[in-house]
Structure formats: C-alpha cells, structure tokens
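**Q** Sequence first, then the predicted structure, then my questions.
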Amino acid sequence: MTDDPQIESTPQETRADGKVLALAKGAGISLVGRLLGRGLMFLAQAILGRSLGTAGFGLFSTGWSVLQISMFASPIGLQHGIVRFGAPVWKEDPLRFRRILQQTIFMAFVSALISGAVLFLLSPQLALVFDKPGLDMVLRGTAIAMFLSVLIRVAAAATRISQRVQFSAIVEDFLPSFMLALGAFLLTVIWQGGVRGGMISVVLAYAVSALAAFAFLIRLFPDALKPVTWQRPLFRELAAFSVPTALAGTLIILIQWVTRLVLFILRSDAEVGLYQAASTLASALVIMQASVAAIFTPMISRLAGQNEIGQMNDLYKIATKWSLYVSAPIFLVLMIFSSNSMLVFGADYTAASTALVILSLGQLVNIATGAVGPLMVMMNRQNQFLQIQFVALGITLLLNFWWIPIWGLAGAAIGNSIGITVGNLGAMIDLRRATGLWPYDRRYLKGLLAALTCSLALLALHYFVHAGWVVLFVAGALAVIVFSLTLWRAGFDAEDLQFLSAVRKRLPF
C-alpha cells in the first residue's frame, strides 16, 4: 500500500473530491461578497430604521417587500432557465449558448417591462384602496427598481455559468447594498429626504448594479450578445422549464415576505417597521447557505445531466453541514441576546425581540434543509416543489390572518416560521423519497456538541453582562471561538479539511 492518497483514490472519489474543492472555492468567493453585501444591507436598513422612525420605516418596508417578491416573480424563472440550459452547452455548442443568452435576456426584459409598468400605473389606485398617504410614491419607485432587478438577476445568473461567482456576488450582493447604504446616508440623514429619499436610494442602487451586471456578462462572454438567428422552439423550452420554477420560487419568497404585507393591511405602519427590523436580523443566518447555493446550482445542473447522484449527494451533505456550522454561532447570539440585537435599530425596536427569536428558529429550519429548492429544480421536480410551496404559502396566509389580529408581531413571526418549516421539510422529504438525496449522517453530532458548548458559554456571558448593544461584539467573538474550538477538538472530517483549505485560499486575507 502506498501512502499517496491520490494513488489510492478511485477515479470516482477523485472526481468527488474535485467537486468539493470547486464548491468550497466558489463558496469562499461568494461568502466574502455576501458578507460584505449583507453587512452593508444591514447598515442601510439600520440607517433607514433610525432616520425614518418605525412608521416611516414601515411604509418604506412595504415597497421593499414588494420589490423582494418581484425579484423572483418578474423574471418568470429565467434566472434558473439560463443556467439549466446554458451550463451544459457553454463550451460544447457556442452558437446555441449565444441563442440561450439572448433569448432568455429578451424574455426577461419583456417580463420586467410589463410587471414594472403595471405596478407604476396602478400605484395611485393602490394608495387610495389602502388609504396610505405616500404609498403611491413608494410603489412607483418600487416599480422602477423592479424592472432593473429582473435584468440584474438574469445577467448575474448567466455569469455563474462560468463558475466564477465573484461577478454575481458583486452585482447581486455588494454593489446594491453599498449604493443603498451610501444613498440612505446621503438622502435620509444628510438631506433628510424621508421615505422619498429612501426610495431614490433604492432606484439608484439598482440602476448602477444593472449596468455593472451587463458589463460583467460581456466581459465573460464577449460574443454572447452578437446577433444570431433566434429559434422559436427555444422560447417554448425556456418557458416550459422556467415558468413552473418561477411559480415555485415566487411562492418561496412570498412565504418569506408576505407576512409584512398582511401586517400592512391589518396593523399599523410602525408594526411593519418593527417586523422588518427583526426579519432583517434573522436573515443574516442564511448568508452561508446563499453563498454556497450560488456555485452549487450550476454544479448540480451538470451532475444531474450526467446522472451522478452519488456526487450530488456528497455535495448536498457538505454544503448543508457547513451552512449550519457557519450559521450556528450567529443563531445562538440572536436567540440569547435578542433584545440587545434589536438595539442596533434603536430603543424603539426592542419590542420586536420576541419576533426575532421566532423568526430565527424558522430560518434555522431553512438552513438545515440545505439547497433543497435548486436540487428539486435541477432534478426536474419543479412541479412537485411548486405544489409543496403552494401548501406552505396557504398555511402561512391562514395563520397570518388568524394570529396577527390576536398576537400582533408574535403571531406574524409564528405564522411565517411555520410556513417556512412546512415548505422546506416537505421539499426535503419529497426529494429523499424520489431520488434518495439526504443531507444528514452521524457526522452532524460534532456540530451539535459545538452548539451545546457555545450555548453554555453565551448563557454565562448573558448572566454577567446583558445590557447595551456593544455586548453583541463580545458575544459574537465568544460564539465563533467556542464553536470553532469545539469542532476542532472533536476532529474535522476529511472533506471538511478540503473544504476549509479551498475556502482559505480564496479569501482575500
């Protein structure tokens, strides 16, 4: 027997190792972009929350919620279709690849133009229906940003075909967040433009990002937009795949965001603002999962085409496990120091600390099920995924309209978290039944041990120091150190070491 692991490994094992390394490298790049982007987005939301007050922030959040929902609905799934059809032919058939890019972008442009124009024209009527002064201005700004966001999502998805995810990380995460934070400071703090200044910031942020997205697309694929004869059957192929996928994706994002709209209908603008602040903090948990998914989706698209179920399962396991590992310290800090966390937005926002705890639990389920959505789409189970998400949305709406009038913010958070749980667990169980893909094994026990140790350390800190928001920095550092040391002492698995090594090499420090 030789000591050389490369000689001992089988070709299948070597290919699997290569996939893990590629996943880790892409995740490392995407993670940096998403960390910067989410940090800047959190800063922008905190600036807006403080400068607009709970009521103004609630009105702004209504438009922001519509925008986030439209980012999944308006592209009609074409951000997935361009990867699903483009990735397998990128190098093998350049002519078909150009057709796919051009026809997909054209369909996205038409879809974005229609949806944006409809919302823009209906904005005054919607403001009258809901009797909300200023809502028409918010929705018109949202309509313009909606059009731009569709172009950003489709162009950014196209750049990921190359598996160079830094470009999509810039235009989808870093650049919009940076421009929004800068605009929020200049237009709501310095200029004191109120909600109008906040909406102008959103439009400018998305305009700059859209220009950058197409600049990167042309840089990666210089011939992509050169004229080529289009084929009508390709429109049908793209639509047949993308529309069911879009419906499923829209249902997922509705489950995440529709609660704000129900709050907007049933309660005050101030409560919408409180919920938005709590939800913004809870969404920090999914940074790693979103980073992994950016490179995970085009990789599993190719593996699905080759029917490499074993390698897909390996990637599913490692991606889910490290999404949980990275998110666990943040989750525990938010759970134990919930009131301190809400102080970042201001003292008025501590009333949403219970909602933060409940929403964080829902997001933990989201992370624990892994990238189940992209897996079901790439395994051609988008119709089943759509059905599951439809049931989950129905449950969310039912519980929202039932519990929000009774329990307010807590009822909203519970309904939202239950909807997320039903949608994600249902999809994961269906995926296992149909394909055998499953993210869990005994190696997760190390993570549970690390989480328990970290919880005890944070509870001890909370017992002695629990006032002010500055303690969050100490709690965060303590959580990361204790969790990481416990994992290290428990012993990393071989694929964990590969993953960490590849990520470390791609980090800029």
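**A** Yep, it's here.

**Q** Can you check the pLDDT for G370?
**A** With respect to pLDDT, G370 has a value of 87.

**Q** got the contact list for Q68?
**A** Counting by Cβ atoms under 8 Å, 6 or more residues apart in numbering, Q68 touches I253, Q256, W257. The C-beta positions use only the backbone N, C-alpha and C, and glycine is treated the same way.

**Q** Most neighbours among the residues you listed, which one?
**A** Counting neighbours by other Cβ atoms under 10 Å, Q256 leads these with 25 neighbours.

**Q** if you look at the contacts of Q68, which of them are in helices?
**A** I253, Q256, W257 (DSSP state H).

**Q** and the least confident of the residues you listed?
**A** I253 (81).

**Q** which one is that residue nearest to, not counting chain neighbours?
**A** In this structure, I253 finds its nearest non-sequential neighbour in F72, 4.3 Å apart by Cβ to Cβ, 6 or more residues apart in numbering.

**Q** residues near the one you found, how many?
**A** F72: 25 neighbours (other Cβ under 10 Å).

**Q** Does anything pack onto the one helix or strand L456 maps to? Which helices or strands?
**A** According to DSSP states H and E, L456 maps onto helix 444-464. If you count contacts as 3 or more Cβ pairs under 8 Å, 6 or more residues apart in numbering; DSSP states H and E, helix 444-464 packs onto helix 309-336, helix 471-490.

**Q** on that earlier part again, which member of the contacts of Q68 is positioned nearest C454?
**A** Q256 (26.5 Å; Cβ to Cβ).

**Q** Would you check that the closest one makes contact with N416?
**A** Yes: checked against Cβ atoms under 8 Å, the pair Q256 and N416 is within contact range at 7.4 Å.

**Q** overlap in contacts of these two?
**A** With Cβ under 8 Å, 6+ apart, Q256 and N416 have no common neighbours.

**Q** tell me the contacts of L225?
**A** R98, L101, Q102, L217, I218.

**Q** For the residues you listed, which single residue is the most surrounded?
**A** Neighbour tally across the contacts of L225 (other Cβ under 10 Å): the maximum, 24 neighbours, falls on L101.

**Q** In this structure that one contacts A158, no?
**A** Yes: in this structure, L101 is within contact of A158 by Cβ under 8 Å, at 5.9 Å.

**Q** what's the overlap in contacts for the two?
**A** Both L101 and A158 are in contact with I82, G86, L217, F221, A224, where contact means Cβ under 8 Å, 6+ apart.

**Q** got the domain boundaries for this protein?
**A** The chain breaks down by automatic domain parsing into domains covering 10-442, 444-492.

**Q** quick one: the first one to chain centroid distance?
**A** Using Cα atoms, centre = their mean, to the nearest Å, we find the averaged C-alpha position of domain 10-442 to lie 4 Å away from the chain's own average C-alpha position.

**Q** do the shortest one as well
**A** Remark: domain 444-492 is offset 25 Å from the chain centroid, using Cα atoms, centre = their mean.

**Q** so what secondary structure elements neighbour the helix or strand containing L211?
**A** Element membership for L211, per DSSP H and E: helix 194-220. When contacts are defined as 3+ Cβ pairs under 8 Å, 6+ apart, helix 194-220 sits against helix 11-73, helix 135-159, helix 166-169, helix 175-184.

**Q** Point out where the stretch 1-150 of the chain drops to low pLDDT.
**A** Scanning the stretch 1-150 of the chain with the threshold set as pLDDT under 70 gives 1-34.

**Q** Among the shared contacts of L101 and A158, which one sits closest to L148?
**A** L217 (14.8 Å).

**Q** Find the nearest non-adjacent residue to the closest one, please.
**A** In space, and not counting its chain neighbours, L217 is closest to A155: 4.9 Å by Cβ to Cβ, 6+ apart.

**Q** wouldn't the one you found be in contact with E172 here?
**A** No: between A155 and E172 there is no contact under Cβ under 8 Å: 9.6 Å.

**Q** re the thing from before, weakest of the helices and strands packed on helix 444-464 by average pLDDT?
**A** Note on the helices and strands packed on helix 444-464: lowest mean pLDDT is at helix 309-336, with a mean of 88.

**Q** tell me which residues of stretch 255-265 are tucked away?
**A** By neighbour count on 16 or more other Cβ atoms under 10 Å, the buried set for stretch 255-265 is I255, Q256, W257, V258, T259, R260, L261, V262, L263, F264.

**Q** The last one reaches V129, doesn't it?
**A** No: using Cβ under 8 Å, F264 is not in contact with V129, being 11.9 Å away.

**Q** What subset of the shared contacts of L101 and A158 is buried?
**A** Buried members of the shared contacts of L101 and A158, scored by 16+ other Cβ under 10 Å, are I82, G86, L217, F221, A224.

**Q** On the pLDDT front, check the third one for me.
**A** The reference is to L217. 92.

**Q** before we move on, what about the last one?
**A** Reading off the confidence values, A224 has pLDDT 80.

**Q** Residue numbering should commence at 41 henceforth.
**A** Understood, numbering begins at 41; the last thing we discussed is A264.

**Q** can you tell me how far it sits from G117?
**A** According to Cβ to Cβ, to the nearest Å, A264 stands 20 Å off from G117.

**Q** about what we covered before: which residues does the residue nearest to I293 contact?
**A** Counting by Cβ under 8 Å, 6+ apart, F112 touches A286, G289, T290, I292, I293.

**Q** Of these, select the buried ones using a ChimeraX command.
**A** In ChimeraX, a selection of the buried entries from the contacts of F112 looks like this (16+ other Cβ under 10 Å):
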select :286,289,290,292,293
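
**Q** Quick one: the contacts of F112 as CSV, columns for distance to G103 too.
**A** Shown next, in CSV, are the contacts of F112 (distance: Cβ to Cβ, whole Å):
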residue, distance to G103
A286, 22
G289, 20
T290, 18
I292, 20
I293, 15
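
**Q** Roughly how far does A253 sit from L260?
**A** When distance is defined by Cβ to Cβ, A253 is 11 Å away from L260.

**Q** Those two - which one has more neighbours?
**A** A253 (26 against 15).

**Q** How about the contacts made by that one?
**A** L191, I192, A195, A196, T199, F207, V211.

**Q** Tell me which of those residues has the lowest pLDDT.
**A** F207 (87).

**Q** wait, what's in contact with that one?
**A** F207 makes contacts with A196, T199, R200, A253, F256, R259, L260, as judged by Cβ under 8 Å, 6+ apart.

**Q** Can you pick out the most distant pair from the contacts of A253?
**A** L191 and F207, at 14.4 Å, using Cβ to Cβ across the contacts of A253.

**Q** quick one: R236 from V178, how far?
**A** 9 Å.

**Q** Compare neighbour counts for the two and give me the winner.
**A** Neighbour count, other Cβ under 10 Å: between R236 and V178, V178 has more, with 26 against 16.

**Q** quick one: contacts for the more buried one?
**A** By Cβ under 8 Å, 6+ apart, V178 lies in contact with L99, F100, T102, G103, V235, M239.

**Q** Could you say which of these is surrounded by the most neighbours?
**A** In these, the most neighbours by other Cβ under 10 Å go to F100, 32 neighbours.
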